[in-house]
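> Let's see this in three dimensions:
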Amino acid sequence: MTVSVEQMVLYAAAPTDFSIALGSAAIAGIPLAQVTGNFATAWSQVADGQHLVIAVGGAAVNALYYNPCGWANPAKQPGGHTPFSLLSRPALSLPGKNFFVNAAGVSAIDTLRLAVAFTYVAVHGQFPAYFSQYPPAISPTERCVGNSTQSCPCASEQSIKGLPSSPTPLPLQSTPYWGVDSAAAVTTPFLNCVVQHYGVPQVWGRYINQVSGVCDGLSGEEVALLHGHGVRVLPIYNGFASAIGSIAGQQAAVDAVQLAKALGIPGGTPIFADIEVNYSVDAPWILAWVQQVNDAGYKAGMYGNPINGLFSAAYCQALNQHVSLSDQVLIWSNEWEPGVSLRSAAPVWNPAKPHCDSAVVAWQYGENGVICPQGIDTDLILPSLYQQLW
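Prediction:
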């Protein structure tokens, strides 16, 4: 079990610690917007139990544990005491209300190692390749240091330099990645057209199966072309027109896994079931798809419309039956739709989500771009998903 990037918060109350928090977020694939220097915000997020708050540095840990400076807080409690408890170890799930994680080291480098290790393991379920262990965290003290509102010390959201690099390079982009998806096969002229008229895609969504009159199936030649240009592949499966019943869900997953293996898609890669807005869909199909794909060594994903159609209700019903579902499946939302855009004009991350707990990690924000005759849709991909793509 891991924590969704959308539930991760890094809190810092001093300039150096804020820089460390930014770097840790970037390495783990967490948007920089989820790094905060606001004490009242951090207090609320620790209290609600819906976030994993990592306090980076002694000033933040002291503030959340004792509030020795008497900073204003949502509970209007005086300084010297808070209702919060801390964990000084990695957390693989939400710790519950009134708990936060202590990432404060004796030195700045120890704080960096703690913050990177704790943040990364929470999202990815394992330590970064370059961190085999982490130093002990220091205990909070009743010493007033830091600022109640610590602003970002950076001029803009950019990659943090000077941090350790992994033997397997990790993308340090902290904002969503931009890409496209298409029913048509990718050729050199098609790729060149997209680059010329929309921008350089970082991800390309493609169907791994062929449906006559609907989509071309992904080929090895396409994969070589995309990989040769540094584009990652987002695999999609749409070998069904109705998503009803556990038997059908299991069969769809078996077919998808066989196709993935035949293409050489490595284990651990997400495969997204294409559940169109007009499809019938129910909870048994979703649960069977997720279990079968995950059991086969891949990562279950689902493309759907959280606003219209039956997807959201079926997904939430499945979640009610299996509360860990949101940790086992990735959601690619196709709402809202501000429309197809250039890469340089992509909207701020704001996908629609199901009305229950979910890990929405991709957003198809624009459909039916027609400048290139093959047609494309435009997408944003969170870093946490990008790192898992092929």
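
> contacts and neighbour counts: CA atoms only from here.
OK.

> ok, and the closest non-adjacent residue to Phe99?
Ser85 (4.9 Å; CA to CA, 6 or more residues apart in numbering).

> Which residue ranges make up each domain of this protein?
Structural domains assigned to the chain are 5-124, 177-386, following automatic domain parsing.

> With mean pLDDT added, can I get those domains in TSV?
Shown next, in TSV, are those (pLDDT from 0 to 100):
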stretch	mean pLDDT
domain 5-124	91
domain 177-386	96
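
> Which stretch among these is buried most, on average?
Of all the domains of the chain, domain 5-124 carries the top mean neighbour count, a mean of 22, counting by mean count of other CA atoms under 10 Å.

> From the chain's centroid, how far away is the helix or strand containing Gly179?
Applying DSSP states H and E as the criterion places Gly179 in strand 177-182. A distance of 16 Å separates the centroid of the chain from that of strand 177-182, by CA atoms, centre = their mean, to the nearest Å.

> I'd like the next helix or strand past that strand.
helix 188-197.

> okay, the angle between that following helix and strand 177-182?
Relative orientation of helix 188-197 versus strand 177-182 (axes from the mean of the first three to the mean of the last three CA atoms, to 10 degrees): 140 degrees.

> Show me where the stretch 251-390 of the chain has its helices.
Secondary structure of the stretch 251-390 of the chain (DSSP state H, counting those that start in this stretch): helices at 283-295, 311-321, 325-328, 383-386.

> For Ala137, find the nearest of those.
Closest approach to Ala137 among the helices of the stretch 251-390 of the chain (CA to CA): helix 383-386, 26.3 Å.

> Can you tell me what sits against the closest one?
Applying CA atoms under 8 Å, 6 or more residues apart in numbering, the external contacts of helix 383-386 come out as 5, 28-31, 123, 171, 173-177, 203, 232, 361-362.

> quick one: which of these sit in helices?
Using DSSP state H, the subset of the contacts of helix 383-386 located in helices is Ala28, Val123.

> got the contact list for the residue nearest to Val370 when sequence neighbours are not counted?
Sequence neighbours aside, Ile376 is the residue nearest to Val370 in space, at 6.9 Å (criterion: CA to CA, 6+ apart). Contact analysis of Ile376 by CA under 8 Å, 6+ apart lists Val180, Asp181, Ser182, Ala183, Glu367, Asn368, Gly369, Val370.
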